[in-house]
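In: Prediction below, plus the sequence it came from.
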Amino acid sequence: DLTAYNFALSAYAKGKQWRKALELVDDMKQSGVQPTVVTYTTAMSACTNCGQSAKSFELFEAMLSDGVEPDLVMYGAAVTALAQDGRWKRALELLDEMRASNVEPNAGTYNAAIAACNKGGQWERAVDLIKDMSARGIEPDVVSYNSAIAACARCRELEKALELLDDMFRLGKRPDRVTYGSVISACAKCGKWERALQLLDSLRELGCAPDQIIYSSAITACVKGGQPDRALELFDESRQKVQPDVILYSGAISALGGQWERALELLDEMRQNGIEPNSITFNAAMSSCEKAGEWQRAVAMLDDMRQHGIEPDVVSYTVAVTACGKSGEWQLALKLLSEAQNVRADVALYNAAITACVKAGQWEEAVDIYDRTRQKGIKPDVVTYGVAMAAFAKCGQWQRAVDLLEDMRKDHIEPNINAYNAAI
């Protein structure tokens, strides 16, 4: 009977057996037992808890088709499923549908909708939901603020994230490690190292110890803010406080700049400690070699990556091609460009190849790469145009050099003094 079915569904949900849960719902219908709100809610939870958000929402829609009226819990489960996929528009529509059905959303429903906006990169709507909660007499909690702050951090809206943090203190909502992690992440994305370090101190004052993620974000903020020494100090501090992970090591290697020997030492240290480097780690170490003019080591690391089961990405190839170009190894640079056809090449990679040819006086090769860039539909930037114009000028293709000035304007790129000099 219905009770037995629902009991079995609950067991499947707890056991994370979402397929069996769906099969049981179908079996109920075929046996003439009408699923209820409890049935659908339990089956949806089984799917959502296993990352099957699309299946979960399909159940919600099937329930509507069956004429079953959803309740607050059911709506909450549906919005949670949408949040997993970042389907923020549909999540907001459901909030309106709830009210139209005289079902008032609660804090949990709002939090799920804010999470959907966060995942969908809709920071303004996430903040609006916080305001809407307050206007409707629903008090936002720490989870609400954390999701909204995370949405702001994702979109580099540091000032708005800081404003929400201030609101939490003003309203007596004690921020936690997650809150500070999101705000410091926003600082990292914006290169605001001083603010990141201030927030790190504030977190300690609250009695919360920074974790690996927070240390990593603070280190990244220092690297992007041009403070490599502070980044390395933080890395040394973090090793005394937390177990270093791949993200911490990657940040530290990025901070080393051209100190390639130290970068490779840290890479070895990771492996000795049982921490496998990822593509970001390798790219940071390669970049250190490139900055120091160690082009052979930078190129050799491409094979090192493959030996560790990591396929070089577009950043890897861009660093290697740049290293070759700086050392006059233009032929190797072009060979690497050819190898990189199996990755999603971008304008930075082609710029590195064109620059390598221009630096070596291989003007015709540079022109050829520029033409290939356009044929592949890769939009040039100011660097592309600058080196391409220099190449056209050296090849005697003055008309094409002049035409590029107009192409730059069409692409909404204002020619700089170097572009005009090349055209002249």
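Out: Sure, I can see it.
In: show me where the stretch 251-400 of the chain has helices.
Out: Here the stretch 251-400 of the chain has its helices, by DSSP state H, counting those that start in this stretch, at 260-272, 279-291, 295-307, 314-326, 330-339, 347-359, 363-375, 382-394, 398-410.
In: actually the stretch 101-250 of the chain, not the one I wrote
Out: For the stretch 101-250 of the chain, the helices defined by DSSP H, counting those that start in this stretch occupy 107-119, 123-135, 142-154, 158-170, 177-190, 193-205, 212-224, 228-241, 246-255.
In: quick one: terminal-to-terminal distance for stretch 306-320?
Out: End-to-end distance for stretch 306-320: 14 Å, by C-alpha to C-alpha, to the nearest Å.
In: which parts of that stretch are buried?
Out: Going by neighbour count (16 or more other C-beta atoms under 10 Å), the buried part of stretch 306-320 is 310, 312-313, 315-320. In short, each C-beta sits where N, CA and C put it, glycine included.
In: same deal with stretch 58-70?
Out: Here stretch 58-70 shows 59-60, 62-63, 68, 70 as buried, counting by 16+ other C-beta under 10 Å.
In: of all the helices of the stretch 101-250 of the chain, which lies closest to residue 298?
Out: helix 246-255 (13.3 Å; C-beta to C-beta).
In: how about the nearest residue to the residue most central in space within the chain, chain neighbours excluded?
Out: Nearest to the geometric centre of the chain sits residue 154, at 7.6 Å (C-alpha atoms, centre = their mean). Distance criterion C-beta to C-beta, 6 or more residues apart in numbering; nearest residue to residue 154, sequence neighbours excluded, is residue 121 at 5.9 Å.
In: In contact with the one you found, which residues?
Out: 86, 151, 154-155 (C-beta atoms under 8 Å, 6 or more residues apart in numbering).
In: Against residue 181, how distant is residue 391?
Out: Relative to residue 181, residue 391 is positioned 47 Å away (C-beta to C-beta, to the nearest Å).
In: roughly how far out does stretch 145-162 sit from the chain middle?
Out: 14 Å (C-alpha atoms, centre = their mean, to the nearest Å).
In: how far does that stretch stretch from start to finish?
Out: Stretch 145-162 stretches 11 Å from its first residue to its last (C-alpha to C-alpha).
In: before we move on, what about stretch 374-389?
Out: 14 Å.
In: Report the buried residues of it.
Out: By neighbour count with 16+ other C-beta under 10 Å, stretch 374-389 contains the buried residues 378, 380-389.
In: quick one: contacts of it?
Out: Applying C-beta under 8 Å, 6+ apart, the contact partners of stretch 374-389 are 345-347, 350-351, 354-355, 358, 366-367, 370, 373, 401, 404-405, 407-408, 411, 413, 415-416, 418-419, 422-423.
In: Whichever of those end up buried, select them in ChimeraX.
Out: To isolate the buried members of these in ChimeraX, using 16+ other C-beta under 10 Å:
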select :345,350,351,354,355,358,366,367,370,373,401,404,407,408,413,415,419,422,423
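In: circling back to that earlier point, return the member of the buried residues of stretch 374-389 nearest to residue 30.
Out: residue 378 (54.5 Å).
In: give me phi/psi at that closest one?
Out: The phi/psi pair for residue 378 (degrees, to the nearest 10) reads phi -90, psi 120.
In: ok now do residue 241, which residues does it touch?
Out: Counting by C-beta under 8 Å, 6+ apart, the residues that residue 241 touches are 209-210, 215.
In: Please list only the buried members of those.
Out: Using 16+ other C-beta under 10 Å, the buried ones in those are 210, 215.
In: Adding pLDDT, write the contacts of residue 241 out as a markdown table.
Out: Below are the contacts of residue 241 laid out as a markdown table (pLDDT from 0 to 100):
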| residue | pLDDT |
| --- | --- |
| 209 | 92 |
| 210 | 94 |
| 215 | 95 |
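In: if we can go back for a sec, I'd like to know which of the helices of the stretch 251-400 of the chain is closest to residue 142.
Out: helix 279-291 (30.6 Å).
In: packing partners for that closest one?
Out: On a contact count with 3 or more C-beta pairs under 8 Å, 6 or more residues apart in numbering; DSSP states H and E, helix 279-291 meets helix 246-255, helix 260-272, helix 295-307, helix 314-326.
In: Output it as CSV - backbone C-alpha positions only.
Out: Provided in CSV are the C-alpha atoms of helix 279-291 (Å, rounded to 0.1, in the frame of the first residue of the first chain):
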residue,chain,number,x,y,z
SER,A,279,47.9,21.6,-14.5
ILE,A,280,47.8,24.9,-12.6
THR,A,281,50.8,23.9,-10.5
PHE,A,282,52.8,22.8,-13.6
ASN,A,283,51.8,26.0,-15.5
ALA,A,284,53.0,28.1,-12.5
ALA,A,285,56.4,26.3,-12.5
MET,A,286,56.7,26.6,-16.3
SER,A,287,56.0,30.3,-16.0
SER,A,288,58.7,30.7,-13.4
CYS,A,289,61.2,29.0,-15.9
GLU,A,290,59.9,31.2,-18.7
LYS,A,291,60.5,34.4,-16.7
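In: Quick check: mean pLDDT of that helix?
Out: Helix 279-291 shows a mean pLDDT of 96.
In: and the angle for that helix with helix 314-326?
Out: 10 degrees (axes from the mean of the first three to the mean of the last three C-alpha atoms, to 10 degrees).
In: How far off centre is helix 279-291?
Out: 19 Å.
In: Thanks a lot, see you next time.
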